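**Student:** Below is the sequence, then the predicted model.
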Amino acid sequence: MISVKENLYDIKRRIEKSAIKSGRNPSEITLIAVSKTKPVSMLREAYDAGQRIFGENKVQELCDKVPQMPEDTEWHLIGHLQRNKVKYIIGQNQPSLIHSVDSERLAAEIDKEAKKRGVTVDILLEVNVANEETKFGISLEQVPEMIDKIATFSSLRIRGLMTIAPYVENPEENRKIFQDLHKVFLDNRSKKAHNVCMDVLSMGMTNDFEVAVEEGATMVRVGTGIFGERDYSMKS
Ligand SMILES: *Cc1c(COP(=O)(O)O)cnc(C)c1O
């Protein structure tokens, strides 16, 4: 039996340790509990242990879970978002942050829905730092241009950058990836557009969040480390 509460505390301790090791204040780092595929009962356990931010990667699952959790639960969408699903999560069931904006067309669609409903949407740009073919995201080189384009969408607010690093045996192998993204994050932070407010760097998962924290992450997204391995065998 895994204890969600104990896992959560353990991850928090490790975030704290990595922050201190690299001379950062642990309060600069926000933990997103990635609850995709997990039952609401487990999210409740995490909630009861003090966790308030949950990350989901599918629109349908997000919409199913939102009404089942307390009002003050905060939701982040971390998975690939299709344009035809945008309407389901703007205005209602709206995540407080969308981590996975990877094209101007998707940004335009979110902006359009946001205007219809009179809301503002906080987003991150997903960056495929290692240029992996299997992954979504823009390249590091495209970041400045994409920020300029998206800054013209007045109902979006660009809060920062996100990456999913490659799966590696040794998390040290991803250090360079995190350094590269951190550098581009810093370079673009001072952009002066009314809706660009780059204060979030979302990087690091169960396997490599400690290295990510050492390299400047302000959000880490941890699933397996809190809720245990995911079982996809039941799903179609
Ligand atoms: C599933 C997922 C995570 C969490 O992965 P773990 O290895 O279980 O911690 C983080 N970010 C994204 C975008 C994910 O899809």
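**Tutor:** On my side now, so go ahead. Numbers count the residues shown, from 1 in each chain.
**Student:** Please report how far the nearest residue to His182 once chain neighbours are set aside lies from the ligand.
**Tutor:** In space, and not counting its chain neighbours, His182 is closest to Gly216: 4.0 Å by CB to CB, 6 or more residues apart in numbering. The C-beta positions use only the backbone N, C-alpha and C, and glycine is treated the same way. Note on Gly216: its distance to the ligand, by CB to the nearest ligand atom, to the nearest Å, is 17 Å.
**Student:** Pretty sure Gly216 sits against Ile177.
**Tutor:** No. In terms of CB atoms under 8 Å, Gly216 does not count as a neighbour of Ile177; the distance is 11.9 Å.
**Student:** one step back: checking the residue nearest to His182 next. Helix, strand or coil?
**Tutor:** When states are read from DSSP: H, G, I helix; E, B strand; the rest coil, the local structure at Gly216 comes out as coil.
**Student:** so who does it touch?
**Tutor:** Contact partners of Gly216, counting by CB atoms under 8 Å, 6 or more residues apart in numbering, are 178, 182, 185, 201.
**Student:** tell me which strands and helices the helix or strand hosting Leu181 is in contact with?
**Tutor:** For Leu181, the enclosing helix or strand under DSSP states H and E is helix 175-189. For helix 175-189, the packing partners by 3 or more CB pairs under 8 Å, 6 or more residues apart in numbering; DSSP states H and E come out as helix 143-150, strand 156-162, strand 196-202, helix 209-214.
**Student:** cutoff 6 Å now
**Tutor:** With contacts taken as 3 or more CB pairs under 6 Å, 6 or more residues apart in numbering; DSSP states H and E, helix 175-189 sits against helix 143-150.
**Student:** C-alpha coordinates for the helix it packs on, PDB please?
**Tutor:** Output for helix 143-150, consisting of C-alpha atoms alone and laid out as PDB, is shown next (Å, rounded to 0.1, in the frame of the first residue of the first chain):
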ATOM      1  CA  VAL A 143      10.700  31.000 -28.200                       C
ATOM      2  CA  PRO A 144      11.300  34.800 -28.800                       C
ATOM      3  CA  GLU A 145       9.300  34.900 -32.000                       C
ATOM      4  CA  MET A 146       6.500  32.900 -30.500                       C
ATOM      5  CA  ILE A 147       6.300  35.200 -27.500                       C
ATOM      6  CA  ASP A 148       6.100  38.200 -29.800                       C
ATOM      7  CA  LYS A 149       3.200  36.600 -31.700                       C
ATOM      8  CA  ILE A 150       1.300  35.400 -28.700                       C
END
